[in-house]
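Enquirer: Okay, sequence plus prediction incoming.
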Amino acid sequence: TPQQRAVDMMFMGIKEEINHNCGKAIFTTQKVDKNKAIADVCILLDKWGAVFEDQIPSEGFIQGLPFPTPADLALLDITTSYMPIGSARKLAQYDCGRWKKVMALCDRIKADENVKIYLNGSTYTDANPWGM
């Protein structure tokens, strides 16, 4: 439905904002001021983590469907991918484990048969091409 597409697009848009700002922190800000880069990452993730914790369900998937949609997968990407979000989390020593509902959702997403097949066969999610 249009509403479901809007929700998926909203979560994917937030993921892209996080992706952009984490990339900025590790590739630009860190070169000038490492402490500012760390602070920027923590502020960014705290802000969106609070939104995610408030918006996602305690059970099932974001859209209430029996399978994950792009909204769910956006959160999985934020919490598991390495470049640039994971690298920024590493720099800031930021633990997404504080997002209890998000991490529980990610466990449900990873348990989905199709997602499991993809994750087991992919080398891209946790790739670290520059050894960061």
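Expert: Alright, I've got the coordinates. Numbering: from 1, shown residues only.
Enquirer: drop to CA atoms for contacts and neighbour counts, all remaining ones
Expert: OK.
Enquirer: Against the centre of this protein, work out the most remote residue.
Expert: residue 32 (25.5 Å; C-alpha atoms, centre = their mean).
Enquirer: Next one: it from residue 38, what distance?
Expert: Look at residue 32 and residue 38: by C-alpha to C-alpha, to the nearest Å, they are 12 Å apart.
Enquirer: tell me the pLDDT at the residue farthest from the centre of the chain?
Expert: The per-residue pLDDT reported for residue 32 equals 97.
Enquirer: got it, and residue 119?
Expert: 89.
Enquirer: burial measure for it, as a count.
Expert: Neighbours of residue 119 under the rule other C-alpha atoms under 10 Å: 14.
Enquirer: That one is in what secondary structure piece?
Expert: In the assignment (DSSP states H and E), residue 119 maps to helix 113-121.
Enquirer: Show me what that helix is packed up against.
Expert: Using 3 or more C-alpha pairs under 8 Å, 6 or more residues apart in numbering; DSSP states H and E, the elements in contact with helix 113-121 are helix 100-111.
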